[in-house]
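# Just need the structure, nothing else, for what follows:
(chains A and B)
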Amino acid sequence: MFRKRSLHTDDHLISQIQKGGIARQRAINHIHDTYSGFVVKGKRKYRLEQEEVIDAYSESIVGMSKQIEVGKFRGESKLSTYLYQIFCNKCIDRVRHNSADKNQVEWIHDMPDMPDMAKDIVKDITEQEDRNKLVQYLSLVGEKCKQILWESEYQGFSLQEIADRMGFQRAQSVANQKHKCMAKLKQLIRSGAIVGSI
Amino acid sequence: MNEQEQLIESYIRGELSAADQAAFEQQIKEDDSLADELRLHLQAQYAILASAEEAEIAKLSARFEQSASARTVPLFGTYSRAIAAAVLLLIGLALALRFFLGSSAQTAPELYAAHFVPLPSPEIRSQTNPQEQRWKEALTLYDQGSLEEMIQATGQLLADTAFRQQSQAQLYVGLAHLQMNQTAPAIEAFSQVSEQSFSYLDAQWYLALAHLKADQPDQAKTVLTHLQSQPTAYRQEEIREIMKQLE
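Predicted coordinates for the structure are as follows:
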């Protein structure tokens, strides 16, 4: 009978997610593959369409990884229990047809060190601005910029790791390129290049 | 990055001292252009996080679909479990028979033959530069079985420093060599795959298989042991099975 190896303990997976980069990606894929049976349970329990349950499952894993990254989950309960709770809530949201903000980035909670004034501005942005429109700006910065910004800001890769992955000579080159990409993104948002409905 | 941008980043990350933070917030209240700049920075960060999150969710959902389709055996429909059980029973009987007849374990090249399944070529979504276009063409050659031509085309690409998918390319060059029974260049190519790349685990798996094919069981065991120590479960059952045979 197959037994989980000690390397895949909850503690290890949590530490890998907190490391960011490839370690995070591998840990997330491992969790995703290990608990994929939740989808079958969710489908049966909540009588949802398969696609909806799969999306709820994927969102739960991303949500859980964010909680781990900011230290809000430290292994007080089993990882599987915690994931299942998030997953059930996501499914219930869908049953209630309350999925309008299903992908909402809970950024205020994810950045505990952010000063209150900045949190207020973020809150205002999430309430006042068209999320889809903001997301679309990333498609205008180019693939290379998008990859650098995603990997450094969201996926937790170090500049050196990004340099290795993308074929830059030095980490400083990535830092310079990232700065240019950020400036480009801001310029696009400032110019209102994408017209969207609020 | 200019001083103002640096100050904004430090402020958002909560890295300023209490006094500096208070002074900065006072500045924001008094200076509309600075307040606009802070809001713009937060909008940009929000856009990055929201888009990356959506992409990750979509990727995980696609991963689920892929693994689900890999698990499905449509031809057998509802009888698949019964057939699988019967096959397992037969395998068990065959193994038991081998044991009682005193048959020896599989040789390294036999283990290679039993476990080698070539990887399908990856999907290349963006072709924003000529190197990506050429890489896609090389993969088409791989798909068509024109392995020599694929190796040649990829060799030129690998020499191009602007080509970004170096590790992925080394993996497929190794696979092409392996399918052409050229174990030494296959081992060389798999060994070139960066540990930081997404192709690393696959490369290590095929590196172990290449050593088996070259009848180098000790080297294969070393690579498989390394694979077993990776945080993500990767072909664990297959690896255990091979290790058992090698012992």
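# mind checking pLDDT for residue B:221?
Looking at residue B:221, its pLDDT reads 92.
# And the helices in chain A?
A:10-19, A:21-34, A:37-46, A:50-69, A:79-95, A:107-110, A:116-128, A:131-137, A:143-149, A:159-166, A:171-191 (DSSP state H).
# Longest helix of chain B, counting residues only.
Assignment by DSSP H gives helix B:32-71 as the longest helix of chain B.
# What ranges in chain A fall below the confidence cut-off?
For chain A, applying pLDDT under 70 flags the ranges A:1-7, A:97-112, A:195-198.
# in it, what residue is nearest chain B?
Proximity of chain A to chain B (CB to the nearest CB) peaks at residue A:113, 3.1 Å away. For glycine as for every other residue, the C-beta is placed from the backbone atoms N, C-alpha and C.
# OK, contacts around that residue?
B:13-15 (CB atoms under 8 Å, 6 or more residues apart in numbering or on different chains).
# quick one: which of the residues you listed sit in strands?
Among these, no member is found in strands (DSSP state E).
# pretty sure residue A:141 contacts residue A:185?
Yes: counting by CB atoms under 8 Å, residue A:141 touches residue A:185, with 5.3 Å between them.
# Overlap of the contact sets of those two?
With CB under 8 Å, 6+ apart, residue A:141 and residue A:185 have common neighbours residue A:149.
# okay, those two: which has more neighbours?
Comparing residue A:141 with residue A:185 by other CB atoms under 10 Å in any protein chain shown, the one with more neighbours is residue A:185, at 25 against 22.
# pull the helix or strand with minimum mean pLDDT from chain B.
helix B:80-100 (a mean of 60; mean pLDDT, DSSP states H and E).
# helix or strand right after that one?
With elements assigned by DSSP states H and E, the helix or strand that comes after helix B:80-100 is helix B:108-115.
# so what secondary structure elements neighbour the helix or strand just after that next one?
Per DSSP H and E, the first helix or strand lying C-terminal to helix B:108-115 is helix B:130-144. Judged by 3 or more CB pairs under 8 Å, 6 or more residues apart in numbering or on different chains; DSSP states H and E, helix B:130-144 is in contact with helix B:147-158, helix B:166-179.
# and helix B:130-144, average pLDDT?
For helix B:130-144, mean pLDDT rounds to 86.
# got the angle for that helix vs helix B:147-158?
160 degrees (axes from the mean of the first three to the mean of the last three CA atoms, to 10 degrees).
# if we look at helix B:130-144, which residues are touching it?
By CB under 8 Å, 6+ apart, helix B:130-144 touches B:120-122, B:124, B:126-127, B:147, B:149-150, B:153-154, B:156-157, B:160, B:162-165, B:169, B:172, B:175-176.
# let's see 7 Å
The contact list for helix B:130-144, computed with CB atoms under 7 Å, 6 or more residues apart in numbering or on different chains, reads B:121, B:124, B:126-127, B:149-150, B:153-154, B:157, B:160, B:162-163, B:165, B:169, B:172, B:176.
# what does stretch A:175-184 give?
So stretch A:175-184 is contacted by A:141, A:145, A:148-149, A:152, A:159, B:1, B:44 (CB under 7 Å, 6+ apart).
# do the same with stretch A:151-168
A:20-21, A:24, A:147-148, A:170-171, A:173-175, A:178, B:45, B:48-49, B:52, B:161, B:164, B:166, B:194, B:196-197.
# how far does it stretch from start to finish?
Distance between the two ends of stretch A:151-168: 14 Å, counting by CA to CA, to the nearest Å.
# May I see the buried residues of that stretch?
A:151-159, A:161-166, A:168 (16 or more other CB atoms under 10 Å in any protein chain shown).
# Check the closest residue to chain A within chain B and give its pLDDT.
Chain B approaches chain A most closely through residue B:14 (3.1 Å), counting by CB to the nearest CB. On pLDDT, residue B:14 comes in at 87.
# what's the answer for residue B:195, then?
We have a pLDDT of 82 for residue B:195.
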